[in-house]
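Provide a 3D model corresponding to the input given below.
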Amino acid sequence: MKTYSTLLAVPFFAAAQAFADVAPPPALVLDGVPPISDELAKKIEPYSDFRPHGMMSWHPQRREMLIRRRLNATNQVHAVTEPGAAPAPLTDYPDAVGSASFPPTKGEFFIFSRGEGGNETFRLYRQDLASRTVTPLSPEGERAGGLSWARKSDRVVFTTQPVDRNNRGGKLWTAVHVMDPLKPGSDRVVSKLDGGGWGAFRFSEDGKRLAFVEFISVNESYIWVMDIATGKRERVTPQRKGETIFYGEVTFSKDGKGIFTTTDRESEFRRLVYISLTPGPERVLTGRINHDVEDYDISFDAGRIAFITNENGSDVLRFIDLATFKELPRPALVQGVIGGLTWRPNSTEVAFNVASARSAGDVFSYDIKANKVTRWTNGNNPGVNTSEFVEPRLVKWKSFDGLEITGFHYQPPASFAGKRPVIINIHGGPEAQARPGFIGRNNFFVNELGVAMIYPNVRGSAGFGKTFVKLDNGMKREDSVKDIGALIDWIKEQPDLDASRIMIMGGSYGGYMTLACAFHFSDRIAGAASTVGISNFITFLERTESYRRDLRRAEYGDERDPAMRAFFEKIAPLNNADKINKPLMVVQGLNDPRVPYTEAEQIVATMKKREKPVWSIMAKDEGHGFVKKPNADYQFYATVEFARQTLLK
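I've put the predicted structure just below:
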């Protein structure tokens, strides 16, 4: 097999680069990618300068917050001292800061997590506000995550796992740490759990117990409770024969006698429930809502539960009274996707971020007592009038077996005459969902090139019930590919779309789907662009980081099973590369722990061996997708040029 070191030796388009107007970032290794004109880059620039804002944490004593916002090339922690105030940067690293939170008492410091080069080996750090001093908290070389605070003592719980970069097959474990972050030496491992599927740890109100979740797959998980002093644990949701049940993040009730969580038990959708820790039935709190509850946060100060329901892709913010468990009036918000739901301590105010087709993403708060919505940030680029961006419409089509599949369709403005070429953009996951949020740079395709974009939710997508999400499992994998074939049939019937000019693109699992479509529908598409895509499930499962492997086997199938292995060999895009007869673009991060770089390397090598047209971009300082702005910008320039050559020539 060709190695990355040999890929580096490939001539780097040396002759052509002398005439290129835009130099690629030094970390990018290009092969087959033509020069990018400065003219094209300048046209795209306004579409790449949005700065989405995300809610991270409230200050415990002041009406201030930490938010996520891009600083230079990557997302960093910023402080916002009042609504509308300019965000003040608190961190500045070459790599993005993934999370940050204040302690629940004084707020003299915050804790943040950061990896390097996209490797996702996150380490926890404490940053003191007054001195800006940064102190490492979690062990070096181990993957830390799951940070959560004890509400009254500033203690934290977090987990660490070993990093098995070379897939040596060592024992996988999850260590549970409890620490006073002002005294890193107080770190104590209270338990060491077998496997990598443990997470969502939460303290009880008295700080003596932890509730947490054992994740088996997207369809199956269990809730446990642990005594911190002894490490003794007990599973509180039973394993039922012949039935798989999902349980989500857990919160103890104030009196510690029960827990709140989300579950799909006896329902197609995930509902908010209360479970007594003494024998008794689960109490369903959202039984009248036939949509997934995708997030919630509880305020004992306000006496409310704030929760978000996913309703046909758009989010709705709702509230429940803790005393009566009755739903309360909710605020009118713009249609979009909501995240970062966080109550402000000792108040009746909850913060969240919202992204929509015409908003990159901003932080808002809602005071339930005053019935007032407040905007805190503005992430749009003043150089682009986002009010003119196209709103998507929900479209539906029937697949090969009669199943209804849906997606979001962005049609170019009427100024573009005639039937429009189409990009089908497939989400990853695979248990993710295309949502009517902000499509960022992709607005350039619609507004400036007149290319329609369709974001499908093939079978296996989340948000449509637990039956739908299982329809692509195991040997049903290619049924989701057939959903795209049915979409191509639907496009052919539309008077404003050109079925002779279709390009497929997607990332991660969407990258696999892109590669699969590239050989299944080679005679029906113009080209395909795969980002961090799986080219062979066998090599993917053998090389993905060990902490993810069992979770992925539960979804895709176990490559160690002979029948499953034979099926993987049959459907692998790598083994069907001879059927790919249209141009292919492959994008990958060298440090990707999820989909190893070898997945991209092997499909590119095979395409070149067969003298098939292929462009490739490998980033030496990225992981599972490009997060550094210069890299992401250049990737998009190349994708636009690829689309122009395949769809618009």
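
hey, where'd the helices end up in the stretch 201-350 of the chain?
Ranges of helices in the stretch 201-350 of the chain, per DSSP state H, counting those that start in this stretch: none exist.

Apart from its chain neighbours, what residue comes closest to Ile426?
Nearest residue to Ile426, sequence neighbours excluded (C-beta to C-beta, 6 or more residues apart in numbering): Gly506, at 3.5 Å. Placement of C-beta: from N, CA and C, glycine included.

likewise Ile488?
Nearest to Ile488 is Arg524, by C-beta to C-beta, 6+ apart, at 5.4 Å.

in the sheet, who's paired with the residue nearest to Ile426?
For Gly506, the beta-bridge partners are Ile426, Ser530 (DSSP bridges).

Could you double-check that it lies in contact with Thr514?
Yes - here Gly506 reaches Thr514: they are 4.4 Å apart, a contact under C-beta atoms under 8 Å.

Spit out the residues that contact the two alike.
Common neighbours of Gly506 and Thr514, using C-beta atoms under 8 Å, 6 or more residues apart in numbering, are Ile426, Ser530, Gly533.

List the contacts of Arg565.
Ile538, Glu559.

and it, that's in a strand?
No - looking at Arg565 with DSSP: H, G, I helix; E, B strand; the rest coil, it is helix, so not inside a strand.

For the residue lying closest to Ile223 once chain neighbours are set aside, grab the count of nearby residues.
Of all residues not flanking Ile223 in the chain, Thr237 sits nearest, at 4.6 Å (C-beta to C-beta, 6+ apart). As a burial measure, Thr237 scores 20 neighbours (other C-beta atoms under 10 Å).

cool, and the one 5 residues further on?
Look at Gly242: counted by other C-beta under 10 Å, it has 4 neighbours.

now swap in Glu140 and tell me
8.

Which of the three states applies to it?
Look at Glu140: counting by three-state DSSP, its state is coil.

Surely it and Tyr125 touch.
No - look at Glu140 against Tyr125 with C-beta under 8 Å: they stay out of range, at 11.2 Å.

list the helices and strands the strand or helix carrying Ala100 packs on?
Element membership of Ala100, judged by DSSP states H and E, is strand 97-101. Contact analysis of strand 97-101 by 3 or more C-beta pairs under 8 Å, 6 or more residues apart in numbering; DSSP states H and E lists strand 54-58, strand 65-71, strand 74-80, strand 109-114, strand 143-149 as its packing neighbours.

redo that, cut-off 7 Å
strand 54-58, strand 74-80, strand 109-114 (3 or more C-beta pairs under 7 Å, 6 or more residues apart in numbering; DSSP states H and E).

ok, and what's touching it?
Strand 97-101 is contacted from outside by 56-57, 66, 75-77, 91, 110-114, 122, 147, using C-beta atoms under 7 Å, 6 or more residues apart in numbering.

Ramachandran coordinates for Ala518?
Ala518 adopts backbone torsions of phi -60, psi -30, taken as degrees, to the nearest 10.

how close does Phe201 sit to Ser221?
14 Å (C-beta to C-beta, to the nearest Å).

Settle it for me: which of the two has more neighbours?
Neighbour totals were compared for Phe201 and Ser221, and Phe201 leads with 25 against 21 (other C-beta under 10 Å).

Give me the distance between the more buried one and Trp149.
The gap separating Phe201 from Trp149 is 11 Å, by C-beta to C-beta.

low-confidence ranges in this protein?
Along the chain, the parts satisfying pLDDT under 70 run over 1-20, 165-170.

what about 80?
Applying pLDDT under 80 to the chain flags the ranges 1-20, 164-171, 240-242, 279-281, 381-382, 649.

Looking at the contacts of strand 97-101, spot the one nearest Ala417.
Comparing the contacts of strand 97-101 against Ala417 with C-beta to C-beta places Asn75 closest, at 39.8 Å.

The closest one and Lys628: what is the separation?
From Asn75 to Lys628 the distance is 10 Å (C-beta to C-beta).

With Pro562 instead?
42 Å.

And those two? Which one has more around it.
Applying other C-beta under 10 Å to Pro562 and Lys628 shows that Lys628 carries more neighbours, namely 23 against 8.

quick one on the thing from earlier: Pro136 versus the residue nearest to Ile426, what's the distance?
37 Å.

more neighbours, the two?
The residue with more neighbours, out of Gly506 and Pro136, is Gly506; 27 against 12, by other C-beta under 10 Å.

mind listing what that one touches?
Asn425, Ile426, His427, Gly428, Met513, Thr514, Ser530.

can I get the residues you listed in CSV with distance to Lys482 and neighbour count?
Formatted as CSV, these follow (distance: C-beta to C-beta, whole Å; neighbours: other C-beta atoms under 10 Å):
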residue, distance to Lys482, neighbour count
Asn425, 18, 24
Ile426, 13, 35
His427, 17, 23
Gly428, 19, 21
Met513, 11, 34
Thr514, 15, 28
Ser530, 19, 31
